[in-house]
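Trainee: Next comes the sequence, and after it the predicted model I'd like to discuss.
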Amino acid sequence: MSSDKATILIVEDEPAIVELVSFTLRSAGWETFAVSNTADAWAFITRRMPQLVLLDWMLPDQSGLRLLSRIRGDRQFSSLPIIMLTAKSMEEDKIAGLEHGADDYVTKPFSPRELAARIKTVMRRKAPEHGQGVLTAGDIQLDPISCTVMLQNDRIDIGHAEYKLLKFFLAHPERVFSRSQLLDKVWGDHVVIEERTVDVHVLRLRKVLKHSESLIKTVRSVGYMLSEK
């Protein structure tokens, strides 16, 4: 299930840093892509939305701050998690980055371990379905690292789409999602799937969950939610 890995876009023009960061993040279980300027970064984001962007402050075509403002000003990308990479330790620069909408900043030189920890923290806060902790509800346990689902401590066979759907529900308990929201959040808005396909996958998921199927609730004329109540 490699495609379940969260994608991180590295926007950095120093090859040595790109290499170090890419190695660190891949070792931590993420998929990485790298571009060296803001134009290529914008092209990538509009083509394939990553789960997080590591954005260098100083780039050859324009500042990372300009790209940050552009992303935050676009409704489609406004909630995209962004961590600024900066050689600037000046307090006012850090404040400027946060005021423009950065979720965090890491000052160069940084330790790879610290960078990975910062990324995990931001992802846990902004996109819990891409966190790496075990997700639980009732008798269900889902381990994102091994991509396994346990039901009363027994491993169950689960299809790829049902796995992604369950993972999303477990990461957002007690929240109702419409079919179109689930299509967008689970499959991505670039995938052409009809809304009733969501119903099919929910049915399959309930079947796989056996006695725990009641955790996935239908909210009439709205959509679905995971609830232990």
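Mentor: Nice, thanks for sending it over. What you are looking at is a predicted structure, and each value in this text was computed from that prediction instead of being measured.

Trainee: Could you report the neighbour count for I17?
Mentor: For I17, the count of nearby residues is 19 (other Cβ atoms under 10 Å). Every residue, glycine included, has its C-beta placed from N, CA and C.

Trainee: pretty sure it contacts F110?
Mentor: No. The criterion here is Cβ atoms under 8 Å, and I17 misses it with F110 at 9.5 Å.

Trainee: residues shared between the contacts of these two?
Mentor: Residues touching both I17 and F110 (Cβ atoms under 8 Å, 6 or more residues apart in numbering) are L85.

Trainee: quick one: secondary structure of the closest residue to Y105 other than its chain neighbours?
Mentor: Spatial nearest neighbour of Y105, excluding adjacent residues (Cβ to Cβ, 6 or more residues apart in numbering): M84 at 4.1 Å. Here M84 is strand, with the state taken from DSSP: H, G, I helix; E, B strand; the rest coil.

Trainee: So which elements touch the helix or strand containing V202?
Mentor: For V202, the element it lies in under DSSP states H and E is helix 195-209. Where contact means 3 or more Cβ pairs under 8 Å, 6 or more residues apart in numbering; DSSP states H and E, helix 195-209 is packed against helix 160-171, helix 179-182, strand 216-219.

Trainee: re the thing from before, would you confirm that the residue nearest to Y105 contacts S63?
Mentor: No. At 10.4 Å, M84 does not count as touching S63 under the criterion of Cβ under 8 Å.

Trainee: what about those two, which has more around it?
Mentor: Taking neighbours as other Cβ under 10 Å, M84 and S63 compare with M84 leading, 26 against 14.

Trainee: okay, now the domains of the protein?
Mentor: 2-130, 135-226 (automatic domain parsing).

Trainee: need those domains in TSV with mean pLDDT, can you?
Mentor: Below are those laid out as TSV (pLDDT from 0 to 100):
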stretch	mean pLDDT
domain 2-130	86
domain 135-226	87
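
Trainee: which one is the residue most central in space within the chain nearest to, not counting chain neighbours?
Mentor: The centroid of the chain falls nearest to Q51 when counting by Cα atoms, centre = their mean (3.7 Å). For Q51, ignoring the flanking residues on the chain, the nearest one in space by Cβ to Cβ, 6+ apart is A6 at 4.0 Å.

Trainee: Just read off the phi/psi values of that neighbour.
Mentor: Phi and psi for A6, reported as degrees, to the nearest 10, are phi -70, psi 140.

Trainee: Pull up the gap between it and T136, please.
Mentor: 20 Å (Cβ to Cβ, to the nearest Å).

Trainee: ok, now V198?
Mentor: Separation of V198 from T136 (Cβ to Cβ) stands at 23 Å.

Trainee: Repeat that for L115.
Mentor: 28 Å.

Trainee: Neighbour count for the two, which is higher?
Mentor: L115 (19 against 13).

Trainee: Hmm, the more buried one is touching D104, no?
Mentor: No. Using Cβ under 8 Å, L115 is not in contact with D104, being 10.0 Å away.

Trainee: So which of the helices and strands packed on helix 195-209 is nearest Q76?
Mentor: helix 179-182 (14.2 Å; Cβ to Cβ).

Trainee: Other residues contacting the closest one?
Mentor: L165, F168, E195, R196, V198, D199, G223, Y224.

Trainee: tell me which of these is nearest to T121?
Mentor: For the contacts of helix 179-182, the nearest to T121 is F168 (20.1 Å; Cβ to Cβ).

Trainee: quick one: the strands in the protein?
Mentor: Assigned by DSSP state E, the strands in the chain fall at 7-11, 31-35, 52-56, 82-86, 104-107, 135-137, 140-143, 148-151, 154-156, 177-178, 216-219, 223-226.
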